[in-house]
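>>> Return atomic coordinates for the entry below.
(chains A and B)
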Amino acid sequence: MSNAAFTRLPGFRDFVPEDLAVRSHIFEAWRRVSRRYGFQEYDGPPLETLELYVEKSGEEIVSQLYNFTDKGDREVSLRPEMTPSLARILADRSRALPKPIRWFSIPQLFRYERQQRGRLREHFQWNVDVVGESEVGADAEILAVALDALRELGLGPEAIRARVSDRRLLSALLQTAGVPEDRLLAAYAVIDKVEREPPEKTLERLQDEAGVTPAQAGEILALFQNPGLDRVADRFGDQEAVAAEVERLRDYFSILEAMELGDFVEFDLTIVRGLAYYTGIVFEIFDRAGELRAICGGGRYDRLLERVGGESLPAVGFGMGDVVLTELLRERALLPDLGRELDYFVVSVGDEARRRALQLAHRLREQGARVAYSLRGQGVRKQFKSAESEGAREVIVLGPEELSQGIARVRDMTSGEEREVQLEELERGP
RNA sequence: GUGGGCGUAGCUCAGUCGGUUAGAGCGCCAGGUUGUGGCCCUGGAGGUCGCCGGUUCAAGUCCGGUCGCUCACCCCA
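This next block holds a predicted model:
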């Protein structure tokens, strides 16, 4: 293999033109959709103080930070997620900004952990946030942005689905079912695993970790075995706290219905999300086949800004990574041909024609055309081969014959058709 | 962090029981006479067989370690 002296760091990627083209394809879709919804792009530094993450993100993230001590003896970390930076930035200036604040970013994020499929030490993540709006319309808008971007990339409701829950509802349900308030987080952790663990295990863990009786554990488990907002309403709707949360979620779903995105979304109480700062509606978007990790995850985090020392502002947002998304698009053959492309390749015959060809190329480039030619004298056959491999749509042939008539021969490389065009006309442009 | 699988050319892979100078296809470069690409023909470059050590007269092949990749677990941006 390669000379082992210089290797890429594990979990990091090179982007050769072919790969960068895929990345750009995705970024461009993200930016287009962001702007369509009226969001503005921002960025921050990739390196932050370690402190920014220690308490805000939860213990799980902290143990996987890509952190170190810098030369000024500062404890620093490459950013593992964007939200704390956003909170920090807004803490300074949110007061002066018109609300709601609608910002997006495409940061490169880092984590120090063993890489596996869909999970590297570095990735790009599209972050979209609405800050300063507590109503459910903001929650719906956020999910709509995420879904529209995926649609833009060719993923319809047959390919992906958004699973939505609400921490407030879950908390109300769990407390109604007997989970003490100080055990809620522990209960979330159990529920997060409901899909992947056998029911007996869940029952056991609910008793051990969430501190409920066997009967209560059974009741909680039943909630997840019979999902559906209506069922929840039927069973617990008489509880005021639960009823209010159910009502809000119904609003949320009806907004998405109105946006014609209803086919993508479903209520799913097992969606918890690991991050400690979520406070309301949370969601994750998955491929329907269920083969890949989550493509996107987000939710409401109403307390984070004040915790970072800013104004108390409600916020909702999501992150969508490039790694899993690229895998899914590749799997579904949704990546367009992103090869080299040239408008013209100029082929010249002889020295005099070559000089004229350089002038022609220069003028075409001034018009914005993508133009290339052989950088050294080569036979016509060879020049045509280069034109082919560089993806030229048309080849312009300039030789003594053409020069004497003031024309150029233009060959369409797809059809093979060739026509004569006045040089002046070519240089004047379209 | 724990466990499994895999490392031979840029890519996909072959390589017999351990035996001499490690192969193929694709790709790349050059040529097929300075007027026409795709197809075709000819030639070429490119490998310390991931790395280090061990066994052996002899290691791509067997053993140990290590690094990398990968899958699962843990966890989840």
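>>> quick one, what contacts residue A:52?
Residues near residue A:52 by Cβ atoms under 8 Å, 6 or more residues apart in numbering: A:77, A:84-85, A:88, A:308. Every residue, glycine included, has its C-beta placed from N, CA and C.
>>> In the stretch 301-430 of chain A, which residue sits nearest RNA strand B?
Residue of the stretch 301-430 of chain A nearest RNA strand B, by Cβ to the nearest atom of the strand: residue A:399 (2.4 Å).
>>> What are the phi and psi values at the nearest residue to that residue once chain neighbours are set aside?
Spatial nearest neighbour of residue A:399, chain neighbours left out: residue A:349 (3.3 Å); criterion: Cβ to Cβ, 6 or more residues apart in numbering. Per-residue torsions, residue A:349: phi -120, psi 110 (degrees, to the nearest 10).
>>> likewise residue A:339?
Taking degrees, to the nearest 10 as the convention, residue A:339 sits at phi -80, psi -170.
>>> how far away is it from residue A:25?
12 Å (Cβ to Cβ, to the nearest Å).
>>> More neighbours: these two, which one.
residue A:25 (17 against 11; other Cβ atoms under 10 Å).
>>> Flag every residue of the stretch 201-350 of chain A that's near RNA strand B.
Residues of the stretch 201-350 of chain A lying close to RNA strand B by Cβ under 7 Å from any atom of the strand are A:273-275, A:293-294, A:297, A:319, A:321, A:323, A:349-350.
>>> Please repeat the previous calculation with a cut-off of 6 Å.
Residues of the stretch 201-350 of chain A lying close to RNA strand B by Cβ under 6 Å from any atom of the strand are A:273-275, A:293, A:297, A:319, A:321, A:323, A:349-350.
>>> now stretch A:219-237: mean pLDDT?
Stretch A:219-237 carries an average pLDDT of 79.
>>> What distance separates the opening and closing residues of that stretch?
15 Å (Cα to Cα, to the nearest Å).
>>> Need the residues that contact that stretch.
With contact meaning Cβ under 8 Å, 6+ apart, stretch A:219-237 is reached by A:169, A:172-174, A:176-179, A:187, A:191, A:194, A:199, A:202-203, A:206, A:210, A:212, A:242-243, A:246, A:249-250, A:253, A:267-270.
>>> Buried residues in that stretch, which are they?
A:219-221, A:223, A:227, A:229, A:232-233, A:235-236 (16 or more other Cβ atoms under 10 Å).
>>> from the chain's centre, how far out does it sit?
Here the centre of stretch A:219-237 is set off from its chain's centre by 32 Å, with Cα atoms, centre = their mean, to the nearest Å.
>>> one step back: what's the closest of the contacts of residue A:52 to residue A:20?
residue A:85 (24.6 Å; Cβ to Cβ).
>>> wait, what's in contact with that closest one?
For residue A:85, the contacting residues are A:44-45, A:48, A:52, A:79, A:107, by Cβ under 8 Å, 6+ apart.
>>> Narrow these to just the buried residues.
Listed as buried from the contacts of residue A:85 are A:48, A:52, A:79, A:107; burial here means 16+ other Cβ under 10 Å.
>>> RNA strand B next: which of those are close?
Near RNA strand B, by the rule Cβ under 6 Å from any atom of the strand, you find none of the buried ones among the contacts of residue A:85.
>>> I'd like these as CSV, with secondary structure appended.
Output for the buried ones among the contacts of residue A:85, formatted as CSV (DSSP: H, G, I helix; E, B strand; the rest coil):
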residue, secondary structure
A:48, strand
A:52, helix
A:79, coil
A:107, coil
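>>> Would you mind giving the secondary structure of the residue nearest to the spatial centre of chain A?
Nearest residue to the geometric centre of chain A (Cα atoms, centre = their mean): residue A:320, 3.0 Å. Assigned with three-state DSSP, residue A:320 falls in the strand class.
>>> Identify the bridge partners of it.
In this entry, residue A:320 is beta-bridged to residue A:126, residue A:296, by DSSP bridges.
>>> what about it, distance to residue A:81?
Counting by Cβ to Cβ, the gap from residue A:320 to residue A:81 is 12 Å.
>>> Now do the shared contacts for those two.
Shared contacts of residue A:320 and residue A:81, counting by Cβ under 8 Å, 6+ apart, come down to residue A:125.
>>> quick one: the helix or strand residue A:140 falls within near RNA strand B?
Using DSSP states H and E, residue A:140 maps to helix A:136-152. No: counting by Cβ under 6 Å from any atom of the strand, RNA strand B is not contacted by helix A:136-152; separation bottoms out at 13.2 Å.
>>> Alpha carbons only: can I get the helix or strand just after that helix in PDB?
Using DSSP H and E, the helix or strand that follows helix A:136-152 in sequence is strand A:160-166. Only the C-alpha atoms of strand A:160-166 are listed here, as PDB (Å, rounded to 0.1, in the frame of the first residue of the first chain):
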ATOM      1  CA  ILE A 160     -37.400   8.200   5.100                       C
ATOM      2  CA  ARG A 161     -39.500   8.900   8.200                       C
ATOM      3  CA  ALA A 162     -39.300  11.300  11.100                       C
ATOM      4  CA  ARG A 163     -40.100   9.900  14.500                       C
ATOM      5  CA  VAL A 164     -41.400  12.500  16.900                       C
ATOM      6  CA  SER A 165     -41.800  12.500  20.600                       C
ATOM      7  CA  ASP A 166     -42.000  15.200  23.400                       C
END
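>>> any idea of the mean pLDDT for strand A:160-166?
Mean predicted confidence for strand A:160-166 is 92.
>>> tell me the angle that strand makes with helix A:136-152.
Angle between the axes of strand A:160-166 and helix A:136-152 is 160 degrees (criterion: axes from the mean of the first three to the mean of the last three Cα atoms, to 10 degrees).
>>> name the helices or strands packed onto the next helix or strand after strand A:160-166?
Once the chain leaves strand A:160-166, the next helix or strand it forms, by DSSP H and E, is helix A:167-176. With contacts taken as 3 or more Cβ pairs under 8 Å, 6 or more residues apart in numbering; DSSP states H and E, helix A:167-176 sits against helix A:184-192, helix A:214-225, helix A:229-236, helix A:240-258.
>>> These into CSV, with extra columns for distance to residue A:329?
Compiled in CSV, the helices and strands packed on helix A:167-176 are given as follows (distance: least, Cβ to Cβ, whole Å):
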stretch, distance to residue A:329
helix A:184-192, 27
helix A:214-225, 31
helix A:229-236, 31
helix A:240-258, 23
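>>> which stretches of the stretch 101-250 of chain A have low pLDDT?
For the stretch 101-250 of chain A, the stretches flagged by pLDDT under 70 are A:226-227.
>>> and the residue of it nearest RNA strand B?
Closest point on the stretch 101-250 of chain A to RNA strand B, by Cβ to the nearest atom of the strand, is residue A:117, at 2.7 Å.
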